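Enquirer: sequence? don't have it. structure:
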């Protein structure tokens, strides 16, 4: 299976999670928590004959044209796939499995779980260079041109929808929706930061050649080696500094334990690594 096909499968799963959060928790509760979906809920409340999924589809077409022009073909193509998957899934659920009301009466629980599912799904989609369409496209544009975190960009893009929601459903639901997009914003940024998280290792060892060879040949990562001296022993030491993902770290950790049980290893998490072997 090619890398592109795997990424599209992951995007599909992310969009399905977003759709479930909307259809099960948010739409039945009239919680228009930003985005094209929130605007579609507002329109549906005034014109019940217009399905939420159909409204999302029409508005997404307009914004997708903007995505192709300003961000590029790859993002545009993936966003087309994700946005039509999202709106189509919601539309299908409305027709096949209509939900008369929210699963619980507590509005905060509906908000929390709907937003949580949506944020997880959207983070997965954003991480694979796509968006679910709508104001997500606006957020991606802000992120690309102004280097603002994607969650905070989405918060800015969704604010006007919250004002419309407050006008349509009342100030209480509007305040709940505002809280929802704030939770959504920080959750998305937190999850994406977790996807980008890397491990930095500082290894002080007497077997530098073996460990360096394992890093280069088995893990396919680079490393930098410094010459140092032990403060207590006065012995010459080699210090290896490298960065990798968690899976690679566990493999290297096991190897170090095998070849040099006296190695001193310091491990730290870094939010992002730039350079050869990593993305810019």
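Expert: Received it, and whenever you're ready, just let me know what you need. Bear in mind that the values here come from a model prediction, so they are computed numbers and not experimental data.
Enquirer: for the rest of this, base every contact and every neighbour count on C-alpha atoms.
Expert: Fine.
Enquirer: residues making contact with stretch 186-195?
Expert: Applying Cα atoms under 8 Å, 6 or more residues apart in numbering, the set of residues contacting stretch 186-195 from outside is 116, 119-120, 122-124, 127, 149-152, 271.
Enquirer: at 7 Å instead, please
Expert: Stretch 186-195 is contacted from outside by 119-120, 123, 127, 149-151, 271, using Cα atoms under 7 Å, 6 or more residues apart in numbering.
Enquirer: kindly report the same for stretch 116-135.
Expert: Contacts to stretch 116-135, defined as Cα under 7 Å, 6+ apart, come from residues 7, 11, 14-15, 17-18, 21, 35-36, 59-60, 63, 75, 78-79, 82-83, 86, 137, 154, 157-158, 184, 187-188, 191-192.
Enquirer: pull out the buried residues from it.
Expert: Buried residues in stretch 116-135, counting neighbours by 16 or more other Cα atoms under 10 Å, are found at 116-128, 130-135.
Enquirer: in helices, which of those fall?
Expert: Cross-referencing those against helices under DSSP state H gives 116-127, 135.
Enquirer: distance to residue 54 for these - can I get that in TSV?
Expert: As requested, these are arranged in TSV below (distance: Cα to Cα, whole Å):
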residue	distance to residue 54
116	24
117	22
118	19
119	22
120	24
121	21
122	20
123	24
124	24
125	21
126	23
127	26
135	16
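Enquirer: tell me where the stretch 51-200 of the chain has strands.
Expert: 198-205 (DSSP state E, counting those that start in this stretch).
Enquirer: and the helices in it, which stretches?
Expert: Remark: helices assigned in the stretch 51-200 of the chain by DSSP state H, counting those that start in this stretch are 52-70, 73-96, 107-127, 135-146, 150-169, 171-196.
Enquirer: the last one versus helix 150-169: what angle between them?
Expert: The reference is to helix 171-196. Here helix 171-196 runs at an angle of 160 degrees relative to helix 150-169 (axes from the mean of the first three to the mean of the last three Cα atoms, to 10 degrees).
Enquirer: repeat that for the fourth one.
Expert: Using the same axes, to 10 degrees, one finds that helix 135-146 and helix 150-169 are set 140 degrees apart in direction.
Enquirer: and if you look at the second one?
Expert: Helix 73-96 and helix 150-169 are oriented at 40 degrees to each other (the same axes, to 10 degrees).
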